[in-house]
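# Got a predicted structure here, sequence first:
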Amino acid sequence: QVQLVESGGGLVQPGGSLRLSCAASGSIIRINVMGWYRQAPGKQRELVAVMASGGSRTYADSVKGRFTISRDNAKNTVDLQMSSLKPEDTAVYYCNADGVLRYNSRGYESYRGQGTQVTVSS
């Protein structure tokens, strides 16, 4: 099994910044895509930003220019730097790992973290 542990959520005022971090642990050989999704109350889970092991990044239109995703393939970590935060960014943010190859596994797997709350409010 693989565990994803997130950190860095909290309460921030509009216009402020937060940095989310996620570390994956387990018998990992490779993770193809790591990234972040979020779910606000009463809404569906949505992609925020993901990054492939080769370096390509995908952002939701709503966060382009404000959020930056980065990852360390060797350490199996992914970070999300969030700036110019808005109240509509309030949600539980989930770390996601797709295309995970483990030792002794039968194929690629997907994992999600427990989530960390981000609240943007004055």
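It's in.
# CA atoms for contacts and neighbours, from now on please.
Will do.
# Might you report the residue contacts of the residue nearest to residue 26 when sequence neighbours are not counted?
Using CA to CA, 6 or more residues apart in numbering and skipping residues adjacent in sequence, the residue nearest residue 26 is residue 2, 4.7 Å away. Going by CA atoms under 8 Å, 6 or more residues apart in numbering, residue 2 touches 24-28, 111.
# Of the residues you listed, which pair is most distant in space?
27 and 111 (13.2 Å; CA to CA).
# quick one, phi psi at the residue nearest to residue 26?
With angles defined as degrees, to the nearest 10, residue 2 sits at phi -120, psi 140.
# okay, which residue is most central for the protein?
Geometric centre of the chain, nearest residue: residue 36, 2.4 Å, by CA atoms, centre = their mean.
# Quick one: residues contacting residue 34.
Counted by CA under 8 Å, 6+ apart, residue 34 has contacts 50-53, 71, 78, 95-98.
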